[in-house]
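>>> Output the structure for:
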Amino acid sequence: MSQLELVVTRGASAGTRIPLDGARAISIGRAPANRLVLDDPKISSNHARISVERGGITVVDLGSKNGTFVDGHPATTPLRVQPGVEIALGSTTLEILASPKSGSVRFSTSGGYLRPQIRAKIDTVHGLGLGRDGRSRPTSKAQRGLAVLHEIGALVSAEMDEDVFLTKLMDLIFTTLPADRAALIMNDDRGEPVARVTRTPEDARDQEIQVSQTILRKVLDGGLSILTADAGSDARLASGASIVAQNIRSAMCVPIRGKRTTLGAIYVDTVLSIGVFGKDDLHMLTTVGIVAGTALENIQLFKHNLQQARMAAIGQVMAGLGHDIRNMLTALRGGVYMMDELLRDKQDTDLDLAWEVVRHGQDSIGNLVVDMVNYSKQRDPEWQRADINLIVLSAVAMAREKGREGGVQVTELTDPTIGMFYFDSSQIERCVMNLLSNAIDAAPDKTGIVGVSSHLTDDGKLVEIVVQDNGDGIDETQHERIFDLLFSTKGARGTGFGLAITKKIVEEHDGRVLLDSAPGAGARFTIQLPFHQQSPADEANKNAAKNEVLAT
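The predicted structure follows:
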């Protein structure tokens, strides 16, 4: 066997080397009688023992308080190990290395280990793990970090589905770092952090990860990368009750940074041992967060461009169909007018009822054509200074007529302090009416309640119109598609235009439509409009004129 050494790679005794000659076992602890004495308050007096025998090298914990871990695995019984493994105990990390005298040097990963399936792949990436003779050679921490980033780069260039990208990214992170748990956290439409992908050990698949809010706030709000080698005694996290409750020992959390904003965070932790992660791990994970942020923005841009191309194609088809159908409706309206004149003096209840069905069908077709034409072309809002509460009340008055048919109660609560601001009143009224109509359809007959309210956000920048129903709610799997053109949860009763047009109109106002719903809990739609106290059109003209003057 080549000459081996036990090297302290991290901790107060870093740099200490003891030969593993097989003459006698190496006892480790704080007591002076140990062969390797470590000045570490987290280590017990007689902590662990490493033996070199004919059968190989074994590591065993001696009943210590904080445990001994070999590449993250507890050594409660003797573990057979190979040179290059990392041994963590207390705040100290040890590694078994080939002595320089043997002509081979292995560099410590010092804060993380690469699991076999990733280690083999990374060691051969672009020759980082190969000598000129093609044989495997050791790699440095920096080279391993570059190899990991290469893997992520390959993932970025190959994957355009956001969910699949996040899942594969998590697989790579969880396989590369010695983490017990990991989570990819993304901001939702409301800016609230949501864990999109999580990983836990094989024996704890049902375990729920509760990410420390103390750490998360520092990362998402401050854009900081956090490393804590001993979370329990970290003064920065003293207020984190969840850290104590979850027995978090070592943790890292870095932002997923886009070009302008923080999109989310990457979080990893361990409950096995302190001092598992090092600064090199933090630097690598921070870089991963930057690369992931750029990749996610590219995926979103790709989806947006794809959607724009799809909408343009649909728009051309609708514009043509809308033109033809409007010509047919013109003739139909002429026939309806003539029939009205012929039936004016006739007293026939059945005939009147049948004719009312025909008239209603004509109106429905007419509204559908208007929706098609409106959706098929981009338009700028007709900015007018108006009272949003009057618009809401007007929509409620019309909705109440529909609600009475099914015994659905429609209530309103408007905020009189909002004041006048600029928006396209006719288009926004259409949006509110669409949401109210859908809510009435979703509410249960006789016991249905639909509420609409308006208010100004605390910062005074947005006006929100909220429509809430007490129906069955919308399954989470349908949330992303609910605003898609021609998608409807009403079956044959829906056209799939209402929410798509509502979203389009609101976005033309630089606003958003948000959905909050769960099965059995009703649905809550929120229209957010910028509180423009000056007409955006006038403001744009002023800026254009100003730029023209500056250019001359």
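>>> just checking, Gly448 touches Glu405?
No - assessed by Cβ atoms under 8 Å, Gly448 is found out of contact with Glu405, at 11.0 Å. Any C-beta I mention is one placed from the backbone N, CA and C, and that applies to glycine too.
>>> Give me the more crowded residue out of the two.
Neighbour count, other Cβ atoms under 10 Å: between Gly448 and Glu405, Gly448 has more, with 21 against 9.
>>> show me what contacts the more buried one?
The contact partners of Gly448, taken as Cβ atoms under 8 Å, 6 or more residues apart in numbering, are 403, 406-409, 440, 469-471.
>>> before we move on, what about Asp424?
With Cβ under 8 Å, 6+ apart, Asp424 has these contacts: 381-384, 505, 509.
>>> Please apply the same query to Leu79.
58-60, 70, 73.
>>> The closest residue to Lys65 other than its chain neighbours: neighbouring residues, count only.
Using Cβ to Cβ, 6 or more residues apart in numbering and skipping residues adjacent in sequence, the residue nearest Lys65 is Ser44, 5.3 Å away. Using other Cβ under 10 Å, Ser44 is surrounded by 21 other residues.
>>> for the one 10 residues further on, same thing?
The burial metric for Arg54, expressed as a neighbour count using other Cβ under 10 Å, is 6.
>>> Relative to Ile43, how far out is it?
The gap separating Arg54 from Ile43 is 29 Å, by Cβ to Cβ, to the nearest Å.
>>> before we move on, what about Leu329?
The value you get for Leu329 to Ile43, if Cβ to Cβ is used, is 85 Å.
>>> quick one, which of the two is more surrounded?
Neighbours were counted for Leu329 and for Ile43 using other Cβ under 10 Å; Ile43 has more, 25 against 15.
>>> okay but the more buried one is in contact with Thr92, surely?
Yes - contact criterion Cβ under 8 Å: Ile43 and Thr92 qualify, at 6.6 Å.
>>> any idea how far the residue nearest to Lys65 lies from Ala12?
Counting by Cβ to Cβ, the gap from Ser44 to Ala12 is 16 Å.
>>> next one: Gly191
Taking Cβ to Cβ, one finds Gly191 at 43 Å from Ala12.
>>> Neighbour count for the two, which is higher?
For Gly191 versus Ala12, neighbours defined as other Cβ under 10 Å are more numerous around Ala12 (13 against 8).
>>> Give me the phi and psi for that one.
Here is the backbone geometry of Ala12 (degrees, to the nearest 10): phi -60, psi -30.
>>> Number of residues surrounding Asp221?
Asp221 has 10 nearby residues by other Cβ under 10 Å.
>>> any idea how far Ala195 is from it?
Counting by Cβ to Cβ - Asp221 and Ala195 are separated by 17 Å.
>>> Strands of the stretch 301-450 of the chain, start to end?
384-386, 409-413, 421-423, 449-456 (DSSP state E, counting those that start in this stretch).
>>> partner strands of the second one, parallel or antiparallel?
Right, the one you point to is strand 409-413. strand 449-456 (parallel) (DSSP bridges).
>>> Residues contacting the strand it pairs with, please?
Outside strand 449-456, the residues within contact range by Cβ under 8 Å, 6+ apart are 388-389, 392, 395-396, 399, 403, 408-415, 417-418, 432, 435-436, 439-440, 443, 462-470, 531.
>>> which residue ranges form the helices in the stretch 351-500 of the chain?
388-406, 425-442, 498-508 (DSSP state H, counting those that start in this stretch).
>>> Single out the most deeply packed of those helices.
Mean neighbour count, computed with mean count of other Cβ atoms under 10 Å, is highest for helix 425-442 among the helices of the stretch 351-500 of the chain, reaching a mean of 22.
>>> From the chain's centroid, how far away is that one?
Centre-to-centre, helix 425-442 and its host chain are 29 Å apart (Cα atoms, centre = their mean, to the nearest Å).
>>> tell me the angle that helix makes with helix 388-406.
Helix 425-442 runs at 30 degrees relative to helix 388-406, counting by axes from the mean of the first three to the mean of the last three Cα atoms, to 10 degrees.
>>> Residue numbering should commence at 800 henceforth.
Sounds good: first residue 800 from here, last item helix 1224-1241.
>>> now for helix 1224-1241, which elements pack on it?
helix 1187-1205, strand 1248-1255, strand 1261-1268, helix 1297-1307, strand 1322-1329 (3 or more Cβ pairs under 8 Å, 6 or more residues apart in numbering; DSSP states H and E).
>>> so which of these gets nearest Ile1098?
Evaluated over the helices and strands packed on helix 1224-1241, closeness to Ile1098 peaks at helix 1297-1307, with 19.8 Å, by Cβ to Cβ.
>>> Downstream of the closest one, the next helix or strand is which one?
Under the assignment DSSP states H and E, the closest C-terminal helix or strand after helix 1297-1307 is strand 1311-1316.
>>> tell me which residues of that following strand are tucked away?
1311-1312, 1314-1316 (16 or more other Cβ atoms under 10 Å).
>>> Quick check: the residue nearest to the spatial centre of the chain vs Gly1057, distance?
The centre of the chain sits closest to Met985, judged by Cα atoms, centre = their mean, with a distance of 2.5 Å. The gap separating Met985 from Gly1057 is 11 Å, by Cβ to Cβ.
>>> before we move on, what about Ser1225?
36 Å.
>>> Is Ile1098 in contact with Phe964, as I believe?
Yes - contact criterion Cβ under 8 Å: Ile1098 and Phe964 qualify, at 6.3 Å.
>>> Quick one, which of the helices and strands packed on helix 1224-1241 gets closest to Thr1093.
Shortest distance between Thr1093 and the helices and strands packed on helix 1224-1241, using Cβ to Cβ, is found for helix 1297-1307: 24.5 Å.
>>> counting contacts, what elements does that closest one pack onto?
Helix 1297-1307 packs on helix 1148-1175, helix 1224-1241, strand 1311-1316, strand 1322-1329, going by 3+ Cβ pairs under 8 Å, 6+ apart.
>>> Using CSV, please lay out those together with distance to Ile886.
As requested, the helices and strands packed on helix 1297-1307 are exported to CSV (distance: least, Cβ to Cβ, whole Å):
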stretch, distance to Ile886
helix 1148-1175, 64
helix 1224-1241, 60
strand 1311-1316, 49
strand 1322-1329, 53
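>>> re the thing from before, tell me which of the strands of the stretch 1100-1249 of the chain is the most buried.
For these, the highest mean count by mean count of other Cβ under 10 Å goes to strand 1220-1222, at a mean of 23.
>>> got a pLDDT number for the closest residue to Arg809 other than its chain neighbours?
Excluding the flanking residues, the one nearest Arg809 by Cβ to Cβ, 6+ apart is Thr892, at 3.9 Å. With respect to pLDDT, Thr892 scores 87.
>>> again, but for Leu1234
92.
>>> contacting residues for it?
1251, 1266, 1301, 1324, 1326.
>>> I'd say the last one and Gly1310 touch.
In this case it means Ile1326. Yes - Ile1326 lies in contact with Gly1310 (Cβ under 8 Å); the separation is 6.6 Å.
>>> Among the two, which residue is more densely surrounded?
Ile1326 (25 against 20).
>>> Tell me how far that one lies from Thr1013.
Taking Cβ to Cβ as the measure, Ile1326 falls 35 Å from Thr1013.
>>> Repeat that for Ala1050.
10 Å.
>>> So which of these two has more stuff around it?
More neighbours surround Ala1050 than the other of Ala1050 and Thr1013, with 28 against 19 (other Cβ under 10 Å).
>>> hang on, that one in a helix?
No - judged by DSSP: H, G, I helix; E, B strand; the rest coil, Ala1050 forms no part of a helix; its state is strand.
>>> What strand or helix carries the closest residue to it other than its chain neighbours?
If the residues on either side of it in the chain are set aside, Ala1050 comes closest to Asp1068, at 3.8 Å by Cβ to Cβ, 6+ apart. Using DSSP H and E, Asp1068 falls within strand 1061-1069.
>>> No more questions from me, cheers.
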